[in-house]
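*Asks:* structure for this input, please:
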Amino acid sequence: MVYSDLDEIFHAYFSGVRAQEHTTRITEYYRSPGSSGYHAATQLVADAIKDAGAEEVTEERYPLDGKTRYLGRTMPLAWEPHDADLILVRPTKSHLISFKDVPSTLPWWCGSTSEDGDVVELVDVGHGLSPTEYAGKPVSGNAVLIRDSESRPAWAHAAAMAKAHGAVGIVTDFLHSQTLPWRTRRALPHAVQLLRFPPSTQNPWAFAVGYDVAERLSAMSQQGVVQIKARVHATAFKGEAMNLMATIHGAVNPEEKVLFIAHTSAGTKPCANCAAGPAMMIELCRAVTKAIGDGKLLRPARSICFLFVAEGLGSACYLDTHQDTLSNIKAAICLDSVGHSQSRLKSSLVAYGSPDSVPSYINDITSALVEELPKEADWPFLNGRVIQLINFQMMPYTPWSDNHYWAGVNVPAPLFMSWPDLYFHTQLLTADCTDPAVFERCGRVVGSLAVGIARAGATEVRPILQEIARKTTSRFGRVTRVALQRIQEDGRMADRAEREIKYLLRRDVTALYSAVDLAEAGTRRDETRAFADQLVAEVNRCASSELERLRACVPDTKAVDESMVPQPSDFDQIVPLRRANLLPPGVAGLTYDEMKDLVNAMYRDDDQVNWETLRIVGDELWNFSDGERSLSDISEAIGFEFGIDIHPQYLLILAQGLEKAKQLDLVHAR
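*Replies:* Predicted coordinates for the structure are as follows:
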């Protein structure tokens, strides 16, 4: 079992109850970047982690001014909501929603009304995604009702269209990241989604409402004129944010770090999912320092650090201003919604791995910890906790939080969070939706992971190398088994499986050697590399054996069929190259309609694809764009990484958008 001694320490010293208490205190503040609540919550965290035993706490402030740029990302203006009410005036009078009762009602960076409020007509434009929905309607100078259409790009597009047609305000029941059958607009009629405008001082005012309110307004608009009175007081201003770093110093190589990252900013108030990450870090710090102080844990060789940021913004600043020390960071462990009540929120703990573009030992060690650490219940014939009651899954890379910034600069960065999330970024996600038992299970895994890396030398690296080799050979076998089930029906499966095994071999050998650098420099590292060489030789023999099995099972008639052999393609000659010193831009340079057409085309090829896939694929396209890999190479790698069929043509469309946005260049191979 990997790190069983560390699990015992965290089982004894980590308290899920305390983590939940920290979460509760953080959720008392509205935490948009630069706001008074954000600063108050960050100060609360600073005081708490000092009390938890952090040996050094430092802060670095940076501007939120709409101008300053870090690695290509512009820091937005700070934004803070103060008060808001939405009242129905005609055909009847009633109070619809207020910021005081439902803080998620105001989208970030929305504008304000006059001081006393504005009375305007509310014009129903349906989903608000096409010009025809606005045509002939009195939108200019009034407010629009935009109905839910789920995907985040749809909200941004509809809001932009409303603004372009002269709307001074927006009312919407948009609910993104829906999960059938629990998290849907009709299943959660009272949930109010926190939304965002692009940072600007020129945005219209806006209210998010529940499905029940939107249905009522829509029905009234079919009968005649609807008037509302909106009063919004929110300010966008030049402010600042801070990166707060707490450190437990390493005993041998303190300049080398294992870094935890979480954000003290939040989508809304209460937003317990965002608060759970910093709460977890406070309790992890307390557990490690207390165990060291009690003599139960030797001080690790490397430092363990806790970086509290404004989500995304703080990572951009840190990565820009600390470029010369990033090679000392052995892993960046990102924490988000790590304490959700699984039964109440229909949720599971999830560890999203570091992407294939950053091959690292950390994925297989994380997977081993998730699988093997003692669980919550006994088996009748063993006096030990071996049955899992808290669901915990290992999943491929997903860019939900700060992890995608760190992966973009080649720092392995797994993300731990809960998903699905019934109340994600709505007013319903209160601190009592968390569960101490879930905090404890996650804390034991991530605590063991971090300390295991921080203390690793040549002796501790050997089992890590063996674990990677074991899992690598298991992956080869899985690919072969799946292929053999279909090989008689489709000879192409043998060729695809062969290419996948070769891809896994290249990726996993790189990941295996990445662990060698944890060994002490000098003779011990040379010995560790020699041991790694032996394991790589075994892995190569296993790959060869699986390839022979595949080739032996291909029917002769299909083995000689030239149509089964991949043909040269124009995409083999197109090589994307990132422009220097930029953070991953996601999907950029494409219009909403272009993105919609692309998603639909990808879905026709593979029905596993959705809007979220576009962002994931876009991230890996960027990360793989090193000036050496062609679009064909990248397409194949992404397909193997996520188990989807993706034609290079689709990557070309994404790459052309990034080229248009001046994020990368497309060059032709010689």
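
*Asks:* give me the below-cutoff pLDDT ranges for the protein.
*Replies:* 1, 488-492, 555-568, 670 (pLDDT under 70).

*Asks:* what residue lies at the spatial centre of it?
*Replies:* Trp400 (1.6 Å; Cα atoms, centre = their mean).

*Asks:* tell me how this structure divides into domains.
*Replies:* 4-32+242-455, 78-237, 458-564, 570-668 (automatic domain parsing).

*Asks:* these into TSV, with extra columns for distance to Ala40?
*Replies:* In short, each C-beta sits where N, CA and C put it, glycine included. Shown next, in TSV, are the domains of the chain (distance: least, Cβ to Cβ, whole Å):
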stretch	distance to Ala40
domain 4-32+242-455	5
domain 78-237	12
domain 458-564	39
domain 570-668	28
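
*Asks:* and the residue nearest to the centre of the chain, which of the three is it?
*Replies:* Assigned with DSSP: H, G, I helix; E, B strand; the rest coil, Trp400 falls in the coil class.

*Asks:* which one of the domains of the chain is the most hemmed in?
*Replies:* The highest mean neighbour count among these, using mean count of other Cβ atoms under 10 Å, belongs to domain 4-32+242-455: a mean of 22.

*Asks:* who's in contact with His190?
*Replies:* Gly210, Tyr211, Asp212, Leu428 (Cβ atoms under 8 Å, 6 or more residues apart in numbering).

*Asks:* so what's the backbone phi/psi at the residue lying closest to the last one once chain neighbours are set aside?
*Replies:* I take that to be Leu428. Closest residue to Leu428 apart from its sequence neighbours, by Cβ to Cβ, 6 or more residues apart in numbering: Ala191 at 5.6 Å. Note on Ala191: backbone dihedrals following degrees, to the nearest 10 are phi -70, psi 140.

*Asks:* how far away is Ala191 from Met280?
*Replies:* 25 Å (Cβ to Cβ, to the nearest Å).

*Asks:* are there helices or strands packed against the strand or helix carrying Asp533, and which ones?
*Replies:* For Asp533, the element it lies in under DSSP states H and E is helix 523-552. On a contact count with 3 or more Cβ pairs under 8 Å, 6 or more residues apart in numbering; DSSP states H and E, helix 523-552 meets helix 458-486, helix 492-514.

*Asks:* now those helices as a markdown table including distance to Glu55?
*Replies:* Output for the helices and strands packed on helix 523-552, formatted as a markdown table (distance: least, Cβ to Cβ, whole Å):
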| stretch | distance to Glu55 |
| --- | --- |
| helix 458-486 | 23 |
| helix 492-514 | 28 |
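
*Asks:* for Thr58, find the nearest of the domains of the chain.
*Replies:* domain 4-32+242-455 (5.1 Å; Cβ to Cβ).

*Asks:* got a list of what the residue nearest to Leu428 touches?
*Replies:* Leu175, Gly210, Tyr211, Tyr423, Thr426, Gln427, Leu428.

*Asks:* could you check how far Asn540 is from Lys502?
*Replies:* Relative to Lys502, Asn540 is positioned 11 Å away (Cβ to Cβ).

*Asks:* now swap in Arg286 and tell me
*Replies:* To Lys502, Arg286 is 47 Å away according to Cβ to Cβ.

*Asks:* wasn't Leu621 part of a helix?
*Replies:* Yes: applying three-state DSSP, one finds Leu621 inside a helix.

*Asks:* does it really touch Arg578, like I thought?
*Replies:* No: assessed by Cβ atoms under 8 Å, Leu621 is found out of contact with Arg578, at 9.9 Å.

*Asks:* which SSE is Ala167 in?
*Replies:* Going by DSSP H and E, Ala167 is not in any helix or strand.

*Asks:* may I have the phi/psi pair for it?
*Replies:* Dihedral angles for Ala167 - degrees, to the nearest 10 - are phi -70, psi 140.

*Asks:* end-to-end on stretch 309-317?
*Replies:* In stretch 309-317, first residue to last residue: 9 Å (Cα to Cα, to the nearest Å).

*Asks:* note down every partner strand of the longest strand along the chain and its orientation.
*Replies:* Identified as the longest strand of the chain according to DSSP state E is strand 78-90. Pairing partners of strand 78-90, with direction, according to DSSP bridges: strand 94-98 (antiparallel), strand 227-237 (antiparallel).

*Asks:* could those go into CSV alongside distance to Leu590?
*Replies:* Formatted as CSV, the strands paired with strand 78-90 follow (distance: least, Cβ to Cβ, whole Å):
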stretch, distance to Leu590
strand 94-98, 34
strand 227-237, 27
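
*Asks:* could you pull out the strands for the stretch 1-150 of the chain?
*Replies:* Applying DSSP state E, counting those that start in this stretch to the stretch 1-150 of the chain gives strands spanning 56-64, 69-70, 73-74, 78-90, 94-98, 118-124, 143-146.

*Asks:* the second one: how far from the chain's middle?
*Replies:* Distance, stretch centre to chain centre, for strand 69-70: 21 Å (Cα atoms, centre = their mean, to the nearest Å).

*Asks:* what's that strand in contact with?
*Replies:* So strand 69-70 is contacted by Tyr62, Met75, Ala316, Cys317, Leu319, Asp320, Thr321, Leu583 (Cβ under 8 Å, 6+ apart).

*Asks:* now with 7 Å, please.
*Replies:* Ala316, Cys317, Asp320 (Cβ atoms under 7 Å, 6 or more residues apart in numbering).

*Asks:* chain neighbours aside, what residue packs nearest to the last one?
*Replies:* Same thing as Asp320. Tyr70 (3.8 Å).

*Asks:* pairing partners for that neighbour in the sheet, please.
*Replies:* Bridge pairing for Tyr70 - DSSP bridges - gives Arg73.

*Asks:* hang on, the earlier thing: out of the contacts of strand 69-70, the closest to Gly34 would be?
*Replies:* For these, the nearest to Gly34 is Cys317 (13.0 Å; Cβ to Cβ).

*Asks:* so where does the closest one fall, helix or strand?
*Replies:* helix 313-321.

*Asks:* starting at the chain centroid, how far to the helix or strand just after that helix?
*Replies:* For helix 313-321, the following helix or strand on the C-terminal side (DSSP H and E) is strand 329-335. Taking Cα atoms, centre = their mean, one finds strand 329-335 lying 13 Å from the centre of the chain it belongs to.

*Asks:* one more: stretch 161-172?
*Replies:* Here stretch 161-172 is found 30 Å from its chain centre; the criterion is Cα atoms, centre = their mean.

*Asks:* list of residues touching that stretch?
*Replies:* Contacts to stretch 161-172, defined as Cβ under 7 Å, 6+ apart, come from residues 118, 120, 122, 128, 134, 139-146, 159, 204-209, 217, 230.

*Asks:* start to end distance for it?
*Replies:* End to end - Cα to Cα - stretch 161-172 spans 14 Å.
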